[in-house]
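Trainee: Based on what follows, work out the 3D shape:
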Amino acid sequence: MGLLSAPKTILDTSLSLARGPLEAALKAGGVIKPSVADKERQRAQRLRAEAEQGERKAAQELAAEAERARRESAKLDRAARLQEVEAREQSLDAKEQAVRAEREAERTRRKAAKAKRARKSKKAGGSGKNKKAGP
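Mentor: A predicted model of the protein is given here:
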């Protein structure tokens with residue numbers, strides 16, 4: 001229903017309500033018989049009301065469909081963001097494991113170097129303690 005058609009609809013309804021009792025009394029008395037024009041006017045008014053109702057229903061259905069599509073889109077966006085966050089977490093976990101492995105490898109190299117120095121020192125007749133402290 002358009003913005004300008006609302007007052008016309010209200011006016012038509014008001015006029016038909018105002019004429020209703022008078023026409024009903026005259027028709028009941030047999031004074032007025034509904035003319036073809038009156039019947040056509042009533043039919044046109046009924047068809048107009050049905051068309052407006054159909055337009056409202058179609059607009060409501062369209063709005064509901066748009067809302068469903070918006071919700072689905074939002075759901076997909078949330079799922080994509082969640083996957084992105086999970087991928088970042090996995091990447092960070094992998095980097096953390098790599099850093100731990102590098103630290104462990106460095107400790108192992110230091111221990112191996114210290115053990116090697118201790119063996120050399122023992123063969124050389126040392127006391128078994130390394131005089132040179134490692135890092």
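
Trainee: And for Arg81, the neighbour number?
Mentor: Neighbour count of Arg81, defined by other C-beta atoms under 10 Å: 10. In this view, the C-beta of every residue, glycine as well, is placed from N, C-alpha and C.

Trainee: Just list what the host helix or strand of Arg41 packs against, helices and strands only.
Mentor: Assessed by DSSP states H and E, Arg41 sits inside helix 36-123. Counting contacts by 3 or more C-beta pairs under 8 Å, 6 or more residues apart in numbering; DSSP states H and E, helix 36-123 is packed against helix 5-28.

Trainee: Would you mind pulling up the elements that the helix it packs on packs against?
Mentor: In terms of contacts (3+ C-beta pairs under 8 Å, 6+ apart), helix 5-28 is packed against helix 36-123.

Trainee: what's the angle from the helix it packs on to helix 5-28?
Mentor: Angle of helix 36-123 versus helix 5-28, following axes from the mean of the first three to the mean of the last three C-alpha atoms, to 10 degrees, is 140 degrees.

Trainee: Give the helix, strand or coil label for Lys33.
Mentor: Three-state assignment for Lys33 (DSSP: H, G, I helix; E, B strand; the rest coil): coil.

Trainee: so how far is Ser16 from it?
Mentor: As judged by C-beta to C-beta, to the nearest Å, Lys33 and Ser16 stand 18 Å apart.

Trainee: Show me which of the two is the more surrounded one.
Mentor: The neighbour count for Lys33 versus Ser16, taken as other C-beta under 10 Å, is higher for Ser16 (13 against 8).
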